[in-house]
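Student: What follows is a predicted structure for the sequence shown.
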Amino acid sequence: MKALKVIISGGGTGGHIFPAISIADKFKELNPDNKILFVGAEGKMEMEKVPAAGYEIKALPIVGIQRKLSLKNIIKNISLIFKIFKSLRKAKNIIRDFQPDIVIGVGGFASAPILWEASSANIPCLIQEQNGFAGLANRILGKRVNKICVAYESMQKFFPADKIVLTGNPIRKEFVNGLSDKVKTEAIEYYKLSPEKKHIFVVGGSLGSRTLNEAVKRWILENSNKTSDIELIWQCGKHYKSEIDEWLEKVAENTNIEHIRHFDFIQRMDFCYAASDLIISRSGASTVSELAAIHKAVIFVPSPNVAEDHQTHNAMALVSEGAAEIVKDEQAYSELMTKAVFLLNDEEKLSTMRRNIAKFAKVNASLDIVKEAYKLLDNERL
């Protein structure tokens, strides 16, 4: 296949970055001579994660719009205007210097300037929209780009129908083929878990979630005098780790916490997924796609702090088909762990959820997106 020069732009969160890297990896797998350049936002996590994956990245001084009304945010939004123009100039220079054959946007505010400039220069452009509710930038850009790869049905309410292709979201390669019993056995040994007990994995993202952490703390206290037949793996987040450490040390004097494994960040996510009978998670697009690929029962607690309530839309696409359960953020403290324990004792319901979520799995998304890129360029078709 002909070698291409590809710009992939976006980021801000792992939910944008890891799919972008998956797409880049697929381009390199198909032709090692493909040249990939990432474009991200200054100071955001893509500036660390992308080079760690072996790719070059350029930074734009772009920031996101502040949606909450306050004097401070008004000032920030005024300064945003100047950063947009500065980012557009830099994006134009990046395109001039790199001369891409195609530009791909994966979401996050960093993708807007580069896609705007590329489409203005008649360079083929593709958007990968990960969520069930399209963000403002992508809704605007959807009118300018050539193709839009989506993960959910009924996205024509956001984009021109003739540009839409249902591909799913790219997932990390360790989840493409599911998780074997061998991985589960290794995970049980790694975390020193009991194979006879049930296991819940609570994950609030790399930064953590106070909502999920408080719900777990309440459950620990309420079960302090009971012999637990449940073991819990808990990613509490780096922002909360020291606080949780101190709390656990304090309550350990009168509370059994031997069934708790807590971490600020988990590198072997495959181990945690494999060991778990039930997962409690936020419902970012990439997380939803990975859980579908590995056929796991999940309770989603959508974050209320994301633009346009994306996570609720992502979760409800599965909940409406009996593929997951949902607990609202404001109800999590009082209801989440009770619901989780109830589900763990209903194996028939868990099995149904696993079967139903498997129907949402699209494990070849990265390849399908790259196919669409080649089709846009009228190159060799896969």
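Tutor: Arrived safely. Numbers count the residues shown, from 1 in each chain.
Student: can we go C-alpha only for contacts and neighbour counts from here?
Tutor: Will do.
Student: Any idea how many residues pack against P51?
Tutor: The tally of other residues near P51 (other C-alpha atoms under 10 Å) stands at 12.
Student: How about it: what's its closest non-neighbour residue?
Tutor: I57 (6.9 Å; C-alpha to C-alpha, 6 or more residues apart in numbering).
Student: can you give me the strands in the stretch 101-250 of the chain?
Tutor: 102-105, 125-129, 147-150, 164-166, 198-203, 230-235 (DSSP state E, counting those that start in this stretch).
Student: which residues touch the second one?
Tutor: Put plainly, it is strand 125-129. 102-107, 115, 118-119, 138, 142, 145-151, 169, 369, 373 (C-alpha atoms under 8 Å, 6 or more residues apart in numbering).
Student: Can you flag the buried ones in these?
Tutor: 102-107, 115, 118-119, 138, 142, 145-151, 169, 369, 373 (16 or more other C-alpha atoms under 10 Å).
Student: thought I8 was touching L37?
Tutor: Yes - I8 lies in contact with L37 (C-alpha atoms under 8 Å); the separation is 6.3 Å.
Student: Who has more neighbours out of the two?
Tutor: Per other C-alpha under 10 Å, whichever of I8 and L37 has more neighbours is I8, with 27 against 19.
Student: could you list every residue that touches that one?
Tutor: 20, 24, 36-39, 103-106 are the contacts of I8 under C-alpha under 8 Å, 6+ apart.
Student: With I17 instead?
Tutor: 10-11, 46, 49-50, 106.
Student: Quick check on V145: phi, psi?
Tutor: phi -80, psi 170 (degrees, to the nearest 10).
Student: quick one on the thing from earlier: helix, strand, or coil at the residue nearest to P51?
Tutor: Following DSSP: H, G, I helix; E, B strand; the rest coil, the label given to I57 is strand.
Student: residues touching it, list them.
Tutor: With C-alpha under 8 Å, 6+ apart, I57 has these contacts: 37-40, 47, 50-51.
Student: Of those, grab the buried ones for PyMOL.
Tutor: Typed into PyMOL, the next command selects the buried ones out of the contacts of I57 (criterion: 16+ other C-alpha under 10 Å):
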select buried, resi 37+38+39+40+47+50
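Student: Can I get the contacts of I57 in JSON lines including pLDDT?
Tutor: What follows is the contacts of I57, written out as JSON lines (pLDDT from 0 to 100):
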{"residue": "L37", "pLDDT": "98"}
{"residue": "F38", "pLDDT": "97"}
{"residue": "V39", "pLDDT": "96"}
{"residue": "G40", "pLDDT": "92"}
{"residue": "M47", "pLDDT": "91"}
{"residue": "V50", "pLDDT": "94"}
{"residue": "P51", "pLDDT": "95"}
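Student: now, among the contacts of I57, which is nearest to R89?
Tutor: V39 (13.5 Å; C-alpha to C-alpha).
Student: which SSE is that closest one in?
Tutor: Counting by DSSP states H and E, the element that carries V39 is strand 35-41.
Student: wouldn't D270 be in contact with F175 here?
Tutor: Yes - counting by C-alpha under 8 Å, D270 touches F175, with 7.4 Å between them.
Student: Most widely separated two among the contacts of I17?
Tutor: K49 and V106 (15.0 Å).
Student: rewinding a little: to V306, which of the strands of the stretch 101-250 of the chain lies closest?
Tutor: strand 125-129 (15.3 Å).
Student: picking that back up, distance between the strand holding V39 and the chain's centre?
Tutor: Strand 35-41 has its average C-alpha position 19 Å from the chain's average C-alpha position, going by C-alpha atoms, centre = their mean, to the nearest Å.
Student: contacts for it?
Tutor: Against strand 35-41 from outside (C-alpha under 8 Å, 6+ apart): 3-12, 24, 28, 46-47, 50, 55-63, 109-111, 114.
Student: Please name the residues that touch K192.
Tutor: With C-alpha under 8 Å, 6+ apart, K192 has no contacts at all.
Student: I'd like the distance between it and L248.
Tutor: Applying C-alpha to C-alpha, to the nearest Å, one obtains 19 Å for the distance of K192 from L248.
Student: Also T255?
Tutor: 9 Å.
Student: One more: M155?
Tutor: 45 Å.
Student: what does A112 give?
Tutor: 44 Å.
Student: So for the two, which sits in the more crowded spot?
Tutor: A112 (24 against 18).
Student: I'd say that one and G142 touch.
Tutor: No - in this structure A112 lies outside contact range of G142 using C-alpha under 8 Å: 10.7 Å.
Student: ok so A323 is a helix residue?
Tutor: No - per three-state DSSP, A323 lies outside any helix segment and is coil.
Student: list the contacts for it?
Tutor: Contacts of A323 (C-alpha under 8 Å, 6+ apart): 297, 352-357.
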